[in-house]
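> quick one: sequence plus predicted model below, questions after.
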Amino acid sequence: MKEKRISLIDHHIQLAGFCSMDELCQHFNISISTLRRDINTLLTQKRVQKVYGGVASFVQNVIPFENRGIINKVAKSSIAEQAAKLINSNELIFIDSGTTVREILHFLPKHVAKLTVLTNNLDIINYIADHRADIGLITLGNFYKTSTRSFVGDDTVHIIDKYNINKAFMAATAVSIENGLTNSDVQEFEIKRKIVLKANSVFLLADISKFDSSTLMTYAQLSEMDGIITSACPSKHYVDYCKTHHIQLIY
């Protein structure tokens, strides 16, 4: 009985990527003391690792950045196009690092003028430098991460404090109601979290395949979003959640 339960817990964590202790207790209807003993067994077997807020799969199966752009390419472009419609003249916007958000400026409405972009996204930086001299550009980070084509740095979160950000367009590795918006990089986590706290309006851009999953770290709760832009109507669970929390849902 115990071995079977541990095996089921292990399988659940491997599928989810990250789980809180409370979530596991509720899902398997066990006490916290029983769960801790089971988790210790999985820790010994190097199946899971303790992280802030719960436990995570020992190996995070994150798709390399260079391959992410190929996956659901049409859906990603459609999401970016919808997001671009939310941008107005005279705004300072943040564009996150990710294969969906990097296409936003390609769909920028022609009437938008005097726009300033704050970003750590290499693709956005290159696009503005090569094609949009009319857009103001503020860059974040002094250390380049090849795996995510983004810039990070210890002082970056302090620099963000200086700016009044009208809108932030965020990416996430995975999304769920229970664990919110998650990613797997500590340095990017700090930037994302700070932006969510600082921006007047925050929009999540994520194709539907990223829903109902999670990875290592939660950088924002779903309730902190002002809008969610995705590729298809999510399940009723998410639709109801958005209505309850007054989150604009666009798909």
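Arrived safely.

> for burial, what's the neighbour tally of K162?
The local packing count at K162 equals 9, with neighbours defined by other C-beta atoms under 10 Å. Just so you know, the C-beta spots here come from the backbone N, C-alpha and C atoms, and that holds for glycine as well.

> and for V74?
For V74, the count of nearby residues is 9 (other C-beta under 10 Å).

> check which element follows the helix or strand containing it along the chain.
When secondary structure is defined by DSSP states H and E, V74 falls within helix 73-84. Remark: after helix 73-84, the chain's next helix or strand is strand 92-95, criterion DSSP H and E.

> neighbouring strands - and their directions - for that following strand?
Each strand that strand 92-95 pairs with, and the sense of that pairing, follows from DSSP bridges: strand 116-119 (parallel), strand 167-170 (parallel).

> give me the pLDDT value at the closest residue to S223 other than its chain neighbours.
Closest residue to S223 in three dimensions, ignoring its sequence neighbours and counting by C-beta to C-beta, 6 or more residues apart in numbering: H245, at 4.8 Å. Here the pLDDT value assigned to H245 is 97.

> torsion angles phi and psi at H245?
The phi/psi pair for H245 (degrees, to the nearest 10) reads phi -100, psi 10.

> any buried residues in stretch 103-114, and which?
E103, I104, L105, L108, V112 (16 or more other C-beta atoms under 10 Å).

> oh sorry, the question was meant for stretch 13-26
Along stretch 13-26, these residues count as buried under the neighbour rule (16+ other C-beta under 10 Å): I13, Q14, A16, G17, F18, C19, S20, E23, L24, C25.

> closest one to D154 out of the residues you listed, please.
The shortest distance between D154 and any of the buried residues of stretch 13-26, using C-beta to C-beta, involves F18 and amounts to 24.5 Å.

> for the record, mean pLDDT for the helix or strand where I124 lies?
Applying DSSP H and E as the criterion places I124 in helix 122-131. Rounded to a whole number, the mean pLDDT of helix 122-131 is 95.

> next: stretch 92-100.
Mean pLDDT, taken over the full extent of stretch 92-100, equals 92.

> count the residues that sit near the residue lying closest to R102 once chain neighbours are set aside.
For R102, the nearest residue in space outside its immediate sequence neighbours is D123; the separation is 4.2 Å by C-beta to C-beta, 6+ apart. Neighbouring residues of D123 were enumerated by other C-beta under 10 Å; the total is 19.

> ok, D123 touching R149?
Yes: when contacts are counted by C-beta atoms under 8 Å, D123 is listed as touching R149 (6.1 Å).

> sec struct for the residue nearest the centre of the chain, please.
The central residue of the chain, meaning the one whose C-alpha is nearest the mean C-alpha position (C-alpha atoms, centre = their mean), is A172 at 1.9 Å. Under the three-state scheme (DSSP: H, G, I helix; E, B strand; the rest coil), A172 adopts coil.

> excluding chain neighbours, what is closest to it?
With C-beta to C-beta, 6+ apart as the measure, L181 is the residue that lies nearest to A172, at 4.1 Å, once sequence neighbours are left out.

> in the sheet, who's paired with the one you found?
According to DSSP bridges, V175, A220 are recorded as the beta-bridge partners of L181.

> so what's it up against?
Under the criterion of C-beta atoms under 8 Å, 6 or more residues apart in numbering, the contact list for L181 reads M170, A172, V175, K192, L204, T218, Y219, A220, Q221, L222, M225.

> separation between it and M217?
When distance is defined by C-beta to C-beta, to the nearest Å, L181 is 10 Å away from M217.

> the domain parsing of the chain - what is it?
Under the assignment named as automatic domain parsing, the residue ranges that make up the domains of the chain are 2-57, 65-250.
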